[in-house]
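> can you look at this prediction? I've put the sequence above it.
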Amino acid sequence: MVLYKVFPPVVFVMAILFNQIAIRYFNHLMSHTEYVPIVNTKGDVIGRSLAIEALNYKNTYINPVIRIAVSTHGMLFLCDRPMNAILDKGKTDIPMECYLRYGESLTEGVNRLVNNALPHATEDFKPEFNIVYHFENETTNRLIYLFIVDIKDDSILCTPRFKNSKLWSFKQIEENMGKGFFSSCFEDEYEHLKDVICIREKYRES
């Protein structure tokens, strides 16, 4: 009686229960899975991939990356890149960089990056979009959106997050360019950043 009348319904109910548990667990995992968009050189989204694949597949796909440069008193604030970065580990670079998430706008990505790097930043800390360019080498393939923010009070930058950080004058930077000291992206961006900062300082003086 137990074998033919009780056991089958119990097995049926348990199967449904475990199936629901498995579905809930899968949905929980997926809700915490981060995707990054795959784009073309114009910035059009043509697909998506797991964020971890952006690391594993290196330059197979183009992924959008946000970078934020910080200037103050006519100088650039630079720091060492993390040693776990996939590109230019430990080299000197601008302080903020991250992948844009799938479904996230540039504004949302910039706000997330700033909040993570400088949680105590005020509303005056507003990075402005400057240029977008395609960067590719044997390690990565990126469409980089470069932002820059000019600040008056550089005390906000005193955080352990930025390793070996300091303000660099243009003369100091140019004395070390092309020597493998700076990140590849920064060397590509430098002349543009210099022009923007010089123009701002010129108008500020006038």
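Structure received.
> only C-alpha atoms for contact and neighbour calcs from this point on.
Fine.
> show me where the protein has its strands.
Remark: strands assigned in the chain by DSSP state E are 35-39, 45-50, 63-72, 75-80, 92-93, 96-99, 128-136, 141-150, 163-168.
> wait, what's in contact with the most centrally placed residue in the chain?
Most central in the chain under C-alpha atoms, centre = their mean is Cys98, positioned 0.4 Å from the mean C-alpha point. By C-alpha atoms under 8 Å, 6 or more residues apart in numbering, the contact set of Cys98 is Val65, Ile66, Arg67, Leu113.
> count the residues that sit near the last one.
So the one you mean is Leu113. Neighbour count for Leu113, taken as other C-alpha atoms under 10 Å: 20.
> before we move on, what about the third one?
Residues within reach of Arg67, counting by other C-alpha under 10 Å, total 21.
> contacts only, for it.
Per C-alpha under 8 Å, 6+ apart, neighbours of Arg67: Ile94, Met96, Glu97, Cys98, Ile144, Tyr145, Leu146, Phe147.
> show me how to select, in PyMOL, the buried members of those.
A single PyMOL command is used to select the members of these judged buried by 16 or more other C-alpha atoms under 10 Å:
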select buried, resi 94+96+97+144+145+146+147
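> out of the contacts of Arg67, who's nearest Ile199?
Ile199 has its nearest neighbour among the contacts of Arg67 in Phe147, at 15.8 Å by C-alpha to C-alpha.
> could you measure from Arg200 over to Leu193?
Between Arg200 and Leu193 the distance is 11 Å, computed by C-alpha to C-alpha, to the nearest Å.
> let me redo that: Lys42
The gap separating Lys42 from Leu193 is 22 Å, by C-alpha to C-alpha.
> tell me where the chain has helices.
Taking DSSP state H, the helices of the chain run over residues 7-31, 51-56, 106-117, 170-176, 184-205.
> ok now the fourth one, how far from the chain's centre?
In this case it means helix 170-176. Distance, stretch centre to chain centre, for helix 170-176: 26 Å (C-alpha atoms, centre = their mean, to the nearest Å).
> residue contacts, Ile68?
Taking C-alpha under 8 Å, 6+ apart, one finds Ile94, Pro95, Met96, Glu97, Pro127, Leu146, Phe147, Ile148, Val149 in contact with Ile68.
> in space, what's closest to it - neighbours in sequence excluded?
In this structure, Ile68 finds its nearest non-sequential neighbour in Phe147, 4.6 Å apart by C-alpha to C-alpha, 6 or more residues apart in numbering.
> now, among the contacts of Ile68, which is nearest to Ser49?
Of all these, Glu97 has the smallest distance to Ser49: 18.9 Å, by C-alpha to C-alpha.
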